[in-house]
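Trainee: this is the structure alone, sequence omitted:
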Ligand code: C2E
Ligand code: CA
Ligand code: CA
């Protein structure tokens, strides 16, 4: 090859090299531009996400932090290429550790859990309360540019979700956790119940007379009462370590996760009732608020599966017994499997211990709805079981014969009460006393009634005896004689629970009753059941033809009251007017 050829080759090679180099350089440049463009794109994408994204290089310096990260951690804009400082602390169990240590100690990629961390490591312990709940995702990415490895941290701020949850899980009026929360909490508590030998109690509280109070003081004021009551329960919960929920409207639930005895729970219930009674004065008017309480206790009241239902049953039972009562669900109570021996023993002492109390339920004249009488209904509050319904203990009393003693107690209580009302110038009303056949047949029954009437100086027209149809039927002649003798004293006789037996109509003619009481079971569905309507109407007409007056019991709505009035009933009785209540409450209805 000639020298000039060599020169040309070198030149050509140089040109090729320059071209190749130029091409290479251009493609590298393009690659770099491409990478930068992509980076820009990712940065933009990251800046529009709500999650905070931080990328740390292998030295722990911040390679990138998106806008959300700057905002969440309260960091300045220009802090790229600096260490993440001050390093936020992450709460692991109860310990706060700096994020960098956390990154070193935990094997990456597995993390995607909720940790809390405060905005700054400079926060004091007290300020840590203001820490931010987050989901923290951590991952490592190898070989980007000249970095060997970098760490990507993604922080998902959970406050908004918590806020949403809070709304779903709390009562909007009182801010107390609601029934949804109660369900979740109970589920957790029940799953741990076998770990300790203690009992767990549920207590349902219903404010009894809120709707009447609302009608008097207005909606806003009654809301204020609920808020006040919720606040009281909240404070009490802190000092007594129980959970409290506002399940709906005027219903609250308390869960006592560890109790020793039922007494403890009843004591708390009474404390709450007592406080409630003295709690509210609106525009200088003191409101007599009452709460009914139903209690169920694990394991005494049954398994955890039925505990809530049983608390509701107990509440219904308490309400059946009047205002401001407490009832505990006793296992199998509703199948009537009380420990009879225990109840017998308790009954024998109950009168001496003053555990019986007479409640009064008003009876109104159907036209005008004026209170003209009351039925005396006995209540027994057992210190362990709470209120035991008469349907449970009356049959036991009949079996044991204690019914006679109870009857005498009720009669003398009613007579004393009548005398008090007379002395204090209340409106005179007729009080009905329930009478069992055993009592009527007992020797000296009529004489005892006569003697008591004289002793208490109460006119006999103010006393009425209610005898159930079944009772009256069993022992016709003997009972008849007693009834005639009673009538001669001047007291009124009512045939009770009419319509629950079979031979009612025929017997009516012979029975010396002045009043016929139509049982509540006959009117339960009266509004919709036309057959019941025909039966009740016929009963009323028949009794009227026999010269008797009619009381319809079990009136729960205005509609029922109107229909029975239209059918010709003379008197009405039922929850619509009032549940059975203590004498001091009842007398407000007959104050002149
Ligand atoms: P009863 O004589 O039929 O009394 C009426 C029952 O119906 C009472 O139940 C009363 O609380 C309830 N009641 C009143 N209004 C309504 C209403 O609108 N809806 C519903 N669902 N129920 C209403 P309580 O007080 O549980 O008494 C049950 C039974 O126990 C009485 O039935 C009576 O037979 C007996 N009893 C109560 N006190 C005495 C007593 O002092 N002596 C005797 N021998 N028996 C009594
Ligand atoms: Ca009755
Ligand atoms: Ca009845």
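Mentor: In hand now; what should we look at? Since this is a predicted model, take the numbers as computed values, not measurements. Ligands and ions are numbered 1, 2, ... in the order given.

Trainee: the nearest residue to residue 265 once chain neighbours are set aside and residue 273, how far apart?
Mentor: Leaving aside its sequence neighbours, residue 265 sits nearest to residue 201 (CB to CB, 6 or more residues apart in numbering; 4.5 Å). All C-beta spots, glycine's among them, are computed from the backbone N, C-alpha and C. Distance from residue 201 to residue 273, counting by CB to CB, to the nearest Å: 16 Å.

Trainee: partners of the residue nearest to residue 265 in the sheet?
Mentor: Bridge pairing for residue 201 (DSSP bridges) gives the partners residue 256, residue 297.

Trainee: measure it to ligand 3 for me?
Mentor: Separation of residue 201 from ligand 3 (CB to the ion, to the nearest Å) stands at 33 Å.

Trainee: likewise for residue 165?
Mentor: Taken as CB to the ion, the span from residue 165 to ligand 3 is 49 Å.

Trainee: which strands or helices does whichever strand or helix holds that residue pack on?
Mentor: Using DSSP states H and E, residue 165 maps to helix 159-169. Helices and strands touching helix 159-169, by 3 or more CB pairs under 8 Å, 6 or more residues apart in numbering; DSSP states H and E, are strand 132-144, helix 179-191.

Trainee: return the residues of the stretch 201-350 of the chain in contact with ligand 1.
Mentor: Contact residues, the stretch 201-350 of the chain versus ligand 1 (CB under 6 Å from any ligand atom): residue 320.

Trainee: just want the residue of the stretch 201-350 of the chain that's nearest ligand 1.
Mentor: residue 320 (5.6 Å; CB to the nearest ligand atom).

Trainee: so what pLDDT did that residue get?
Mentor: Note on residue 320: pLDDT of 86.

Trainee: so after the host helix or strand of residue 305, what's the next helix or strand?
Mentor: Take DSSP H and E as the rule and residue 305 turns out to sit in helix 304-320. Downstream of helix 304-320, the first helix or strand assigned by DSSP H and E is strand 326-328.

Trainee: residues making contact with that following strand?
Mentor: Strand 326-328 is contacted by residues 262, 265-266, 269-270, 273, 292-297, 301, 314-315, 317-318, 321, 381, 384-387 when judged by CB atoms under 8 Å, 6 or more residues apart in numbering.

Trainee: buried residues in the helix holding residue 305?
Mentor: Neighbour-count burial for helix 304-320 flags 304, 307-308, 310-315, 317-320 (criterion: 16 or more other CB atoms under 10 Å).

Trainee: nearest residue to the residue of the stretch 201-350 of the chain closest to ligand 1 in space, please, no chain neighbours.
Mentor: residue 389 (6.6 Å).

Trainee: quick check: that neighbour vs residue 481, distance?
Mentor: 32 Å.

Trainee: lowest average confidence, helix or strand, in the chain?
Mentor: Least confident helix or strand of the chain, by mean pLDDT, DSSP states H and E, is helix 469-474 with a mean of 58.

Trainee: show me which residues of the helix or strand following that helix are buried.
Mentor: Once the chain leaves helix 469-474, the next helix or strand it forms, by DSSP H and E, is helix 476-488. Residues 479, 482, 483, 486, 487 are the ones in helix 476-488 that count as buried (16+ other CB under 10 Å).

Trainee: how far is helix 476-488 from where the chain is centred?
Mentor: Relative to its parent chain, helix 476-488 has a centroid offset of 49 Å by CA atoms, centre = their mean, to the nearest Å.

Trainee: so the next helix or strand after that helix versus helix 476-488, what angle?
Mentor: Next along the chain after helix 476-488, taking DSSP H and E as the criterion, comes strand 492-498. Strand 492-498 and helix 476-488 are oriented at 140 degrees to each other (axes from the mean of the first three to the mean of the last three CA atoms, to 10 degrees).

Trainee: let me see the contact set for residue 574.
Mentor: Residues in contact with residue 574, defined by CB under 8 Å, 6+ apart, are 520, 552, 553, 554, 555, 556, 560, 561.

Trainee: as JSON lines, the residues you listed with neighbour count would be great.
Mentor: Compiled in JSON lines, those are given as follows (neighbours: other CB atoms under 10 Å):
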{"residue": "520", "neighbour count": "18"}
{"residue": "552", "neighbour count": "30"}
{"residue": "553", "neighbour count": "22"}
{"residue": "554", "neighbour count": "19"}
{"residue": "555", "neighbour count": "26"}
{"residue": "556", "neighbour count": "15"}
{"residue": "560", "neighbour count": "19"}
{"residue": "561", "neighbour count": "20"}
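
Trainee: nearest to ligand 2, of these?
Mentor: Proximity of those to ligand 2 (CB to the ion) peaks at residue 553, which lies at 7.3 Å.

Trainee: nearest spatial neighbour of residue 178, chain-adjacent residues omitted?
Mentor: Nearest residue to residue 178, sequence neighbours excluded (CB to CB, 6+ apart): residue 171, at 4.7 Å.
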